[in-house]
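Novice: sequence first, then the predicted structure, then my questions.
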Amino acid sequence: MIGFVSKKKVPLRRYFVSAPRSLLYMSLHGKKAPHRHGFGYLWKTEEAAIAVRRYGSGDLEKTPGALPDALPVASTLAIGHVRKASPIYRVHTGAREAHPFAEWGIFLAHNGTIYDADVLDPNPGIDSQKLARWLAHAWWPRTPEGLAKALERLLQEVQDFTAIDLLLTEGTNLYAFCCFNRNPDYYTLWYRATKDTIIISSEPVDEEPTWQPMKNLELLWSTPDLKVHRRQIPQAD
């Protein structure tokens, strides 16, 4: 997954398709590739709303070497995700299971598997959908402090998971949370700050030396003025 926030509009194709290790590249050749069980993205529109498009595995099968969308937009805020379904959810690979998910004004993409996600939400859906519904209620107020408290509570609620790596937004800021119990070399998040853009990605998208890895249990967020904030979330005992 890849997210960015920028002072200027950026064509989504720059990081989703054209970069040396773009979202498309990661879906075909990244760690534990292929990731072709779903694709989705969001962007901030001219009207400052968040628009979301999502595609299932059937759509990706029709474009085996590409993404099933021409990505004809540019934006100052975007998140993209290509899905590799967990074995327990391998039969759920339609567009409705593709990330990012939208719930009550928050938009979330997730890497990892939460095996005990039913403690968050007993309603139907995959673990990431249950997490999005839970977080939509737990993250209040919609501030960085509110999110930090919600994530601390989340780690008290769930116990059995591989990772809860997140990219999310409430429509203004870009947030990332790096959290893994297993496979630290796979469940990574990296970020890079340039003069005009903050980029966060599962893997560095190019060879620039300024990429920095996020620490486990680290919450990072960037405001539209590109100020980067970092905070460690305490883990439950």
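Specialist: Arrived safely.
Novice: any idea whether residue 21 is helix, strand or coil?
Specialist: Secondary structure for residue 21, judged by DSSP: H, G, I helix; E, B strand; the rest coil, is coil.
Novice: does it touch residue 199 like I think?
Specialist: No. Applying Cβ atoms under 8 Å as the test, residue 21 and residue 199 come out as separate, 11.6 Å apart. From N, CA and C alone the C-beta is placed, and that goes for glycine too.
Novice: which other helices and strands contact the longest helix seen in the chain?
Specialist: Using DSSP state H, we find that the single longest helix of the chain is helix 144-157. In terms of contacts (3 or more Cβ pairs under 8 Å, 6 or more residues apart in numbering; DSSP states H and E), helix 144-157 is packed against helix 127-138, strand 174-178, strand 218-222, strand 228-232.
Novice: just the ones you listed: most buried one?
Specialist: Stretch with highest mean neighbour count among those: strand 174-178 (a mean of 25; mean count of other Cβ atoms under 10 Å).
Novice: after that one comes which helix or strand?
Specialist: Later in the chain than strand 174-178, the nearest helix or strand by DSSP states H and E is strand 190-193.
Novice: what about the residue nearest to residue 82 when sequence neighbours are not counted, which SS state?
Specialist: Using Cβ to Cβ, 6 or more residues apart in numbering and skipping the chain neighbours, the partner closest in space to residue 82 is residue 27 (3.9 Å). Of the three states, residue 27 takes helix under three-state DSSP.
Novice: who is the spatially closest residue to residue 1 that is not a sequence neighbour paired with across the strands?
Specialist: Of all residues not flanking residue 1 in the chain, residue 81 sits nearest, at 4.3 Å (Cβ to Cβ, 6+ apart). For residue 81, the beta-bridge partners under DSSP bridges are residue 40.
Novice: what about residue 81, neighbour count?
Specialist: A total of 27 residues lie near residue 81 under the criterion other Cβ atoms under 10 Å.
Novice: ok, it touching residue 39?
Specialist: Yes. Using Cβ under 8 Å, residue 81 is in contact with residue 39, at 7.2 Å.
Novice: touching both of those two, which residues are there?
Specialist: Shared contacts of residue 81 and residue 39 (Cβ atoms under 8 Å, 6 or more residues apart in numbering): residue 98.
Novice: buried ones in stretch 88-107?
Specialist: 89, 92, 93, 97, 98, 99, 100, 101, 103, 106, 107 (16 or more other Cβ atoms under 10 Å).
Novice: any idea how far residue 71 is from the nearest residue to the first one once chain neighbours are set aside?
Specialist: The reference is to residue 89. Nearest non-adjacent residue to residue 89, counting by Cβ to Cβ, 6+ apart: residue 126, 4.7 Å away. Distance, residue 126 to residue 71, using Cβ to Cβ, to the nearest Å: 25 Å.
Novice: same deal with residue 116?
Specialist: Distance from residue 116 to residue 71, counting by Cβ to Cβ: 36 Å.
Novice: all good on my end, thank you.
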